[in-house]
Every structure is written in C-alpha cells, then in structure tokens.
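K.L.:
Pasting the sequence and the predicted coordinates here, then a few questions.
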Amino acid sequence: MTSAFDITKETYTRFTFERDDRVLTAAITSDHPVNGVDAAMHEELGRIFTDLQRDSGSDIIILTGKGRAFCAGGDFDWFEEQISQPRKFRDIAWEAKRIVTSILDMEKPMICRLNGAAAGLGATIALLCDMIVSDEKALIGDPHVKVGLVAGDGGAVIWPQLVGFAKAKELLMTGDMLTAAEAQQLGLINYAVPTDQLDAKVAELVGKLQGNPKWAVRWTKTVTNIPLRALAAQMMDASVGWESVSNYMDDRKEAVDAFREKRKPNLTGE
C-alpha cells in the first residue's frame, strides 16, 4: 500500500501552495519582479508536475504566478552565465525536456490562471495547461529569438497545435507578444477577462470539472494528450539540441547585451 504524498511538505523555493478542499493552487513565486526563470526555478519546474500528479490531496490543479507576472521567461543573469559557461546550458537539457513531458504526462486537469505576462518558457508552460484563463491585461508570447535562442523548450511543440503552422511560425520567428484579447481570438487561450473576474472564471471552470466524474475527466485528458505526448517525444531532443547550439552564437551574446543595455542589437549573422 502506497503512503500519502503531500507536495507541500517537499522542498520548493520557487513555488507556494494553497489547498481548497481537493483543489490545489501552485503559484510561481520568485524574488525576480516578473518571476524570471533561474537555475533553481528550472530545476523545480523539472519535478513539480510529477509531484503535483503524485499529491494525494488534490484532484484539480490551478497554476498561477505571484505578483504582476505569471512567468516572463529566462532571467538575464542566468542567460549571461549560460553564455560564458555553455556547459550550464548543456546541463539543463534533461530538465528542459522533462518540464514539457511531465506536464503532458499529468492526468489531473490543470487550469492556468494567467495573472500577468507569460513569455518564453513561461508561455510554453501556460499553453501546455488544459485550460488558460487570462487577465485581459496580460501579454503572452515566445521571444526566444529576440535573445538569440531557438524556441526549443516546447514552444515549437505547442504553438502550431493551437494556432496553426503559419501563425505559429510568424509568432515564434518574430518573437512578437500578444495581448490576452488577441490570444483568445487566435484560440491560443480559452478566456481573457477583467482582473476582477479572473478568480470567478477560474472557479467556474473548476466547478464544471468537479461536477463530472473524476476519472472520466482525467482519462479524457489523458487520451486527448496522446498526440501531444507523441509529438514531444519526436521533437524535444532536437529542439533542445538546436537551442543549445544557438547559445554558442555571437549574436546570442549581442542580443542579450543589447536587451540589458536597452539598445538595438548589432547583429552580424554569426
């Protein structure tokens, strides 16, 4: 007989947890003003979704962010470490793949409460959730290319499935950000609502899920995710590999430097 597992008793420094009966809210929490991903958060992202599935006290997960952002992608101090010490990028490849696959492996329904900006990996995580309810003031996009990286941490997997290849390639190759209203119109997210209606809309969806037999809901999600899991298995090794290669490029360093210095990058094509 397996013992009960309680995620709140595990060691997490970048997430906080709140329970409401069988609903568990996991909130991305960081000292970074927009919940930027650093090495510690990346490591925790690589295991949290497995732990959320294992958690004995929950049937539905709400994923959100603390503060004014959901998760605005990679932290620039961490970017500079990866550029100067490429092995640090190489060493997170397994985690990067596991973040995507562990979300898709979850049976429990997971609603993204998109409280603010979601960019890069933050956007990927949001879009891999089963339903996305966004504050209408939030922005979402995958600007990997703007910092010299291939969109290899799952964006190339999920964006084309939600908006089609033509629009996905436009957005991934330009790095443009979308308003929540634009994202809803494209079918990228489910709902964009005023700030004061965000919790009510999430609660409405939770109520609908709770009104159905639990295992029917879980296993419907499971079978619906089969093609996404297959796609991730086909793509993630190459995606992370090409992203790792792009970290070595001269334009990668210049793009990061220019962003930090608030200037136009002097790109050489190298």
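P.N.:
Sure thing, it's come through. What you are looking at is a predicted structure, and each value in this text was computed from that prediction instead of being measured.
K.L.:
who's in contact with the closest residue to I189 other than its chain neighbours?
P.N.:
Closest residue in space to I189, ignoring its immediate chain neighbours: I132 at 4.0 Å, by Cβ to Cβ, 6 or more residues apart in numbering. C-beta here means a position set from N, CA and C on the backbone, and glycine is covered the same way. Contact criterion Cβ atoms under 8 Å, 6 or more residues apart in numbering gives 111-112, 114, 126, 188-191 as the residues in contact with I132.
K.L.:
and those as JSON lines, adding distance to V202?
P.N.:
Putting the contacts of I132 into JSON lines (distance: Cβ to Cβ, whole Å) gives the following:
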{"residue": "I111", "distance to V202": "6"}
{"residue": "C112", "distance to V202": "9"}
{"residue": "L114", "distance to V202": "10"}
{"residue": "A126", "distance to V202": "13"}
{"residue": "L188", "distance to V202": "17"}
{"residue": "I189", "distance to V202": "13"}
{"residue": "N190", "distance to V202": "10"}
{"residue": "Y191", "distance to V202": "9"}
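K.L.:
Among these, which one has the most neighbours?
P.N.:
Highest neighbour count within the contacts of I132, by other Cβ atoms under 10 Å: L114, with 33 neighbours.
K.L.:
Strands of the stretch 51-200 of the chain, start to end?
P.N.:
Secondary structure of the stretch 51-200 of the chain (DSSP state E, counting those that start in this stretch): strands located at 60-65, 69-71, 110-114, 117-119, 131-135, 139-141, 177-179, 191-193.
K.L.:
Let's have the ones you listed in TSV, adding mean pLDDT and distance to V217.
P.N.:
Below are the strands of the stretch 51-200 of the chain laid out as TSV (pLDDT from 0 to 100; distance: least, Cβ to Cβ, whole Å):
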stretch	mean pLDDT	distance to V217
strand 60-65	98	9
strand 69-71	97	24
strand 110-114	98	12
strand 117-119	97	25
strand 131-135	98	12
strand 139-141	98	26
strand 177-179	98	29
strand 191-193	98	19
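K.L.:
With respect to G241, which of those strands lies nearest?
P.N.:
Of all the strands of the stretch 51-200 of the chain, it is strand 117-119 that lies closest to G241, at 22.3 Å by Cβ to Cβ.
K.L.:
and the closest one, which strands flank it?
P.N.:
strand 69-71 (parallel), strand 139-141 (parallel) (DSSP bridges).
K.L.:
now those as CSV including mean neighbour count and distance to R14?
P.N.:
Compiled in CSV, those are given as follows (neighbours: other Cβ atoms under 10 Å; distance: least, Cβ to Cβ, whole Å):
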stretch, mean neighbour count, distance to R14
strand 69-71, 28, 10
strand 139-141, 24, 20
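K.L.:
Which two among the contacts of I132 are spaced furthest apart?
P.N.:
I111 and L188 (15.3 Å).
K.L.:
Rebuild the strands paired with strand 117-119 as CSV, extending it with distance to R263.
P.N.:
Converted to CSV, the strands paired with strand 117-119 look like this (distance: least, Cβ to Cβ, whole Å):
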stretch, distance to R263
strand 69-71, 24
strand 139-141, 21
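K.L.:
who wins for proximity to D91 among those?
P.N.:
Closest to D91 of these, according to Cβ to Cβ: strand 69-71, at 20.9 Å.
K.L.:
Can you give the distance from that closest one to the centre of its chain?
P.N.:
Between the centre of strand 69-71 and the centre of its chain there are 9 Å (Cα atoms, centre = their mean, to the nearest Å).
K.L.:
Please work out which residues outside that strand touch it.
P.N.:
Contacts with strand 69-71, where a contact means Cβ under 8 Å, 6+ apart, come from 28, 33-37, 64-65, 112, 114-119, 121-122, 125-126, 138.
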